[in-house]
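A.B. asks: from the sequence below, what's the structure:
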Amino acid sequence: MRKILVANRGEIALRVIRAAKELGLKTVAVHSEADVHSMHVRFADEDVCIGSARSKDSYLRQDRILSAALITHADAIHPGYGFLSENSEFAEKCIAAGITFIGPSPEMIYKFGNKAVAKDTMKAAGVPCVPGGDGVVATVEEALEIGKEYRYPVIIKAVAGGGGKGMRIVREASQMKEQFEMARAEAGNSFGNPDVYIEKYIENPRHIEVQLLGDEHGNVVHLYERDCSIQRRHQKLIEETPSPALTPEIREKLCATAVKGAQSIGYKSAGTMEFLLDEDGSFYFMEMNTRIQVEHPITEYITGVDLVKEQIAVAAGNKISFKQSDIQISGHSIECRINAEDPDNNFCPSPGQIKSLYTPGGPGIRIDKHVYSGYVIPPYYDSMIAKLITHGRNRAEAIVRMERALEEFIVEGVKTTIPLHKKILASEKFRSGKFSTKFLEETKL
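C.D. replies: Numbers count the residues shown, from 1 in each chain. All right, here's what the predicted structure looks like:
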């Protein structure tokens, strides 16, 4: 591996470029016409414009990305997260073109891209799953039978879902027909696949994910968990590690279960196994993300492992550079996603020019961003403009540092989620560590 094309944009593209440079590899940035002045374009060794502003005309154009790799003689493609990162067809095309896809095999991506198949796969491996129907539910009649068998409330989910799309909670049989049809319609519009499955709805869960890394030599390790329970509309706002909800015993059992599940399928590359944690300490497999996650920096802070460099090295055929026994938790880390949105106006996107930008610093502060003073946030993509990460000796210190950093973080010209993060960090419920994924719904800020 000598040259990596980064098939993404924004902060994750810049993050991959930095890792590649430290490994002595050349980099190629692809960009839309709207991103010509983006920082990932500036810091890559080469760049190729792959189309107009909208994602469907640029970052989702497999043919153009592969052409860019071929004309620049890139021998590997890193997909980042989002866009084509979990597209098995794209991974197959990379391999067919003689290009290393920095991620798991196409078969693995396909298997876990279909959540019903993923659930069946993990059940077979002995990983506890949320009770519910097996596989795709095709009719309202089937849905009603599942609701009756597992008792309401139940939740309908798109098999190809993400970001809360194609998801509906049903609390009684009379709601099933309408919610079932709405979920299928939204799934079809969002993912081109209307199929759904149904599970028992857990009322007050924590969302816990385990960071995994596997190689082609049969090694699988975990790098502990992340708590992603602070969400709005099933989209994460704040993540932290270690989770304040886990006892050492539950943590050990959860991480061992995730490793067992990944080993059973021969998983290689970076990935996360996501679980719902019930109030009684029980946990259930929810899904697996076969890519690097937005929130990976907090794991890097507490373990000292560069996950992106490890992901690249594993894709090149190397063994994981450490053993499970080498990984220990050091302190506590929190990440706030800074989005160009207006929290007081139903999180309405706030594109436009950043007129002034000042970012915080000091001990235990990391910022992953791609924006700068004068940068124009385009309206075509995800609204995240930065990730603010803190690390402390313990949770209390990580929180204090985050509060200080949020005070120092100045963005003028657009609305951001910084004021909301300040309110969340100041709330007694957050400080107590005793909350669920319903935090925003139930907490007056």
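A.B. asks: every contact and neighbour count from this point should use C-alpha atoms.
C.D. replies: Noted.
A.B. asks: where along the stretch 1-150 of the chain do the helices fall?
C.D. replies: Listed in chain order, the helices of the stretch 1-150 of the chain (DSSP state H, counting those that start in this stretch) span 10-22, 39-43, 62-71, 88-96, 106-113, 115-124, 140-150.
A.B. asks: identify the residues contacting the last one?
C.D. replies: Right, helix 140-150. Residues outside helix 140-150 that contact it (C-alpha atoms under 8 Å, 6 or more residues apart in numbering) are Pro131, Gly132, Gly133, Val137, Pro153, Val154, Ala173, Met176, Lys177, Phe180, Ile198, Lys200.
A.B. asks: distance to Lys236 and mean pLDDT added to the helices of the stretch 1-150 of the chain, as JSON lines?
C.D. replies: Formatted as JSON lines, the helices of the stretch 1-150 of the chain follow (distance: least, C-alpha to C-alpha, whole Å; pLDDT from 0 to 100):
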{"stretch": "helix 10-22", "distance to Lys236": "16", "mean pLDDT": "98"}
{"stretch": "helix 39-43", "distance to Lys236": "24", "mean pLDDT": "97"}
{"stretch": "helix 62-71", "distance to Lys236": "28", "mean pLDDT": "98"}
{"stretch": "helix 88-96", "distance to Lys236": "25", "mean pLDDT": "97"}
{"stretch": "helix 106-113", "distance to Lys236": "19", "mean pLDDT": "92"}
{"stretch": "helix 115-124", "distance to Lys236": "19", "mean pLDDT": "87"}
{"stretch": "helix 140-150", "distance to Lys236": "28", "mean pLDDT": "94"}
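A.B. asks: dump the ones you listed to a markdown table, plus distance to Ala398.
C.D. replies: Conversion of these to a markdown table gives the following (distance: least, C-alpha to C-alpha, whole Å):
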| stretch | distance to Ala398 |
| --- | --- |
| helix 10-22 | 22 |
| helix 39-43 | 28 |
| helix 62-71 | 40 |
| helix 88-96 | 38 |
| helix 106-113 | 34 |
| helix 115-124 | 34 |
| helix 140-150 | 41 |
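A.B. asks: these: which one's closest to Tyr375?
C.D. replies: For these, the distance to Tyr375 is smallest for helix 39-43, at 9.7 Å, taking C-alpha to C-alpha.
A.B. asks: what comes up buried for that closest one?
C.D. replies: Met39, His40, Val41, Phe43 (16 or more other C-alpha atoms under 10 Å).
A.B. asks: looking at these, which is nearest Thr417?
C.D. replies: Checking the buried residues of helix 39-43 against Thr417 with C-alpha to C-alpha, the nearest one is Met39 at 22.0 Å.
A.B. asks: any idea how far that closest one lies from Ala313?
C.D. replies: As judged by C-alpha to C-alpha, to the nearest Å, Met39 and Ala313 stand 24 Å apart.
A.B. asks: which ones are touching Met288?
C.D. replies: Contact analysis of Met288 by C-alpha under 8 Å, 6+ apart lists Phe112, Ala118, Gly271, Thr272, Met273, Glu274.
A.B. asks: kindly export stretch 326-335 (C-alpha atoms) in CSV.
C.D. replies: Extracted in CSV, the C-alpha atoms of stretch 326-335 (Å, rounded to 0.1, in the frame of the first residue of the first chain):
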residue,chain,number,x,y,z
ASP,A,326,-2.1,-4.4,26.5
ILE,A,327,-5.4,-2.4,26.5
GLN,A,328,-6.3,-0.7,29.7
ILE,A,329,-8.7,2.2,30.4
SER,A,330,-6.9,5.4,31.3
GLY,A,331,-9.2,8.1,32.6
HIS,A,332,-12.4,9.3,31.0
SER,A,333,-13.3,10.9,27.7
ILE,A,334,-16.3,12.8,26.3
GLU,A,335,-17.2,14.0,22.8
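A.B. asks: state the mean pLDDT of that stretch.
C.D. replies: Mean pLDDT, stretch 326-335: 98.
A.B. asks: same deal with stretch 178-197?
C.D. replies: For stretch 178-197, mean pLDDT is 93.
A.B. asks: ok, and what's touching that stretch?
C.D. replies: Applying C-alpha under 8 Å, 6+ apart, the external contacts of stretch 178-197 come out as 116, 133-138, 140, 143, 156-161, 165-170.
A.B. asks: do the same with stretch 71-86
C.D. replies: 1-8, 12-13, 16, 27-28, 46, 59-60, 69, 90, 94, 98-103, 109-110, 113, 289-294.
A.B. asks: do that again at 7 Å, thanks
C.D. replies: For stretch 71-86, contacts defined as C-alpha atoms under 7 Å, 6 or more residues apart in numbering pick out 1-8, 12-13, 59-60, 90, 99-102, 109, 113, 290-293.
A.B. asks: end-to-end on it?
C.D. replies: One end of stretch 71-86 sits 24 Å from the other (C-alpha to C-alpha).
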